[in-house]
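**Q** dropping a prediction and its sequence here:
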Amino acid sequence: MIGEWRVRHFPRCTHHVFLSHCAENRRNLIHPVFNGLQKDQFVPWLDSHHYPRGQGAFAVLREAIIRCRHVVYFVTEEFLSQGRGWNSVETAYSELLQENFVQSAVVLCHVQLPLFFLPRNYETLVRSAWGSLVQSGRFYPPGKVDGDAINWALQEITAFIKQEENRGRSLAFQIERDPSFQRLLGEEQNLLSRVMCAYPIADEISQVTN
């Protein structure tokens, strides 16, 4: 795996998706997507809504990402050009989390979903860390930052969540019956629920956000 960081114990998920974004997109893009996800009965995590007081920023981001089923990146012009660095921290934490879900060459669940709001040949995007993903076509095609950007983002996020739910149920059925996973499942009580993309626990949501 990348580095030496391991999740000692997987907590139960408290949110469906962590919204990784830059502040410049918050009002016109992120808040409407956040509200749309809530309207569709999904539970998103957003720093301006769920940032606990009295905790260090790095610890908050690390714990929030671990407690989210997925991380969505809103890759916009502003996301790429701002130099505050928080998006890089969030990407690093979620990359490490994804590595923890690879067991015996099996990807137990997919954590990350980048959403591109720039043309495929946009120079800054091509030269960024996301460039290879865009050019390979392995992820969703770029959307446009226009009047339909919010609906497009909502459609992609909900489709990804549902895709992983369907995949997770099938995979959980298999690994429950695979002897090679029995010790792992015994040590990680919440791993199977993570693989199955179980719905976030309401009482834990209130504890984390209040």
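**A** It's in.
**Q** okay, and the helix or strand of the protein with the least pLDDT?
**A** Of all the helices and strands that make up the chain, helix 202-209 has the lowest average by mean pLDDT, DSSP states H and E, namely a mean of 45.
**Q** part of a helix, is residue 121?
**A** No - using DSSP: H, G, I helix; E, B strand; the rest coil, the secondary structure at residue 121 is coil, not a helix.
**Q** from residue 153, how far off is it?
**A** Residue 121 sits at a distance of 21 Å from residue 153 (criterion: CB to CB, to the nearest Å). Backbone N, C-alpha and C define where each C-beta goes, glycine included.
**Q** could I get the full set of helices for this structure?
**A** For the chain, applying DSSP state H gives helices covering 31-39, 47-50, 57-66, 77-81, 86-100, 123-126, 131-136, 149-176, 182-187, 191-195, 202-209.
**Q** return the most buried member of the ones you listed.
**A** Greatest average neighbour count among the helices of the chain goes to helix 191-195 (a mean of 22), per mean count of other CB atoms under 10 Å.
**Q** contact partners for residue 190?
**A** 9, 10, 11, 12 (CB atoms under 8 Å, 6 or more residues apart in numbering).
**Q** what number of residues lie near the last one?
**A** Under the neighbour criterion other CB atoms under 10 Å, residue 12 is assigned a count of 14.
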